[in-house]
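Asker: heads up, no residue letters with this:
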């Protein structure tokens, strides 16, 4: 879908970004509102049956993931989760495409090629998204923890609305903040290693998936639900640290990561 916008003007891309992200945000919060509205008509007996059903499904999935073979996991996901994933695409695709278009817009505008000439824009984006992100985060926390109470039918939907806005604007805040920090030599030295991991983002992501499936699933070590937050942070730090080192060494010999090279081949053919 993104390839269809490669020749579009900045104005057209900007309009599509706004439309898609507004649609996705309303869809996400709308689905939550619809669920809440439907649940309001449930009797206590129906709610108990629903909760028991969800618990049984959760326990079943944990059992399969924790103790099942590779084919058990694949089979379970196909028969029990594939349809849900397909339905979720209706909500997910507008947001993903909208975020991709932000990247296309930034690239076409040449911001990364001229950081110094784009400083005013970067600072403005950083300031505005930081303020909006902070306010929406506060609103989300107040609603989620019931510190701020509104109509019960709207409570969850409103929280989801602010959460979705937050994920969008804070991603821009983090990106613009990093650009500003990279202009300072002290921060550049600290952040420099991240660029190697970023250049191989697809490869590192897939390797993380493979490592975690082997560690947590039944066809590996089966440690699902066995590792706490503290050990999880240590595990994450070790994996990412090793990937930082290996990414740098790989890029000293090759221009792209292995999966990035494959993806470019599939996208551009022989180029």
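Answerer: Cool, got the structure. These numbers were taken from a predicted model, which means no experiment stands behind them.
Asker: how far does stretch 48-61 sit from its chain's centre?
Answerer: Relative to the centre of its chain, stretch 48-61 is centred 27 Å away, using Cα atoms, centre = their mean, to the nearest Å.
Asker: which residues touch it?
Answerer: For stretch 48-61, the external contacting residues (Cβ atoms under 8 Å, 6 or more residues apart in numbering) are 42, 76, 80. For every residue, glycine as well, the C-beta is placed using N, CA and C.
Asker: quick one, which of those are buried?
Answerer: Of the members of the contacts of stretch 48-61, the ones counted as buried by neighbours, 16 or more other Cβ atoms under 10 Å, are residue 76.
Asker: pLDDT value on the residue of the chain most remote from its centre, please?
Answerer: Within the chain, the residue lying farthest from the chain centre (Cα atoms, centre = their mean) is residue 45, at 36.5 Å. Looking at residue 45, its pLDDT stands at 87.
Asker: and the one 3 residues further on, by the same measure?
Answerer: Per-residue confidence at residue 48 stands at 89 (pLDDT).
Asker: with residue 91 instead?
Answerer: 84.
Asker: nearest spatial neighbour of it, skipping sequence neighbours?
Answerer: residue 27 (4.7 Å; Cβ to Cβ, 6 or more residues apart in numbering).
Asker: wait, the one you found touches residue 94, no?
Answerer: Yes. The pair residue 27 / residue 94 is scored as a contact, 6.9 Å apart, by Cβ atoms under 8 Å.
Asker: neighbour count winner among these two?
Answerer: More neighbours surround residue 94 than the other of residue 27 and residue 94, with 21 against 16 (other Cβ atoms under 10 Å).
Asker: give me the spatial nearest neighbour of that one, chain neighbours excluded.
Answerer: The nearest residue in space to residue 94 (Cβ to Cβ, 6+ apart) is residue 24, at 4.0 Å.
Asker: for stretch 231-244, buried residues please.
Answerer: Per 16+ other Cβ under 10 Å, stretch 231-244 contains these buried residues: 239, 243.
Asker: oops, could you answer that again for stretch 57-71 instead?
Answerer: Buried, per 16+ other Cβ under 10 Å, within stretch 57-71: 61, 64, 65, 66, 68.
Asker: which ones are touching the last one?
Answerer: Shown in contact with residue 68 (Cβ under 8 Å, 6+ apart): 76, 217, 218, 219.
Asker: top of these by number of neighbours, please.
Answerer: Going by other Cβ under 10 Å, residue 217 tops the contacts of residue 68 with 21 neighbours.
Asker: rewinding a little: a markdown table for the contacts of stretch 48-61, including pLDDT, secondary structure and distance to residue 116?
Answerer: Putting these into a markdown table (pLDDT from 0 to 100; DSSP: H, G, I helix; E, B strand; the rest coil; distance: Cβ to Cβ, whole Å) gives the following:
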| residue | pLDDT | secondary structure | distance to residue 116 |
| --- | --- | --- | --- |
| 42 | 85 | coil | 59 |
| 76 | 93 | helix | 53 |
| 80 | 90 | helix | 53 |
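Asker: from the contacts of stretch 48-61, which is closest to residue 145?
Answerer: residue 42 (24.1 Å; Cβ to Cβ).
Asker: picking up where we left off before, narrow the buried residues of stretch 57-71 to those in helices?
Answerer: 61, 64, 65, 66 (DSSP state H).
Asker: sorry, back to before: which helices and strands sit right next to the helix or strand encompassing the residue nearest to residue 94?
Answerer: Per DSSP states H and E: residue 24 is located in helix 10-39. Applying 3 or more Cβ pairs under 8 Å, 6 or more residues apart in numbering; DSSP states H and E, one finds that helix 10-39 contacts helix 82-109, helix 152-181.
Asker: right, so those: which one is the most enclosed?
Answerer: helix 152-181 (a mean of 18; mean count of other Cβ atoms under 10 Å).
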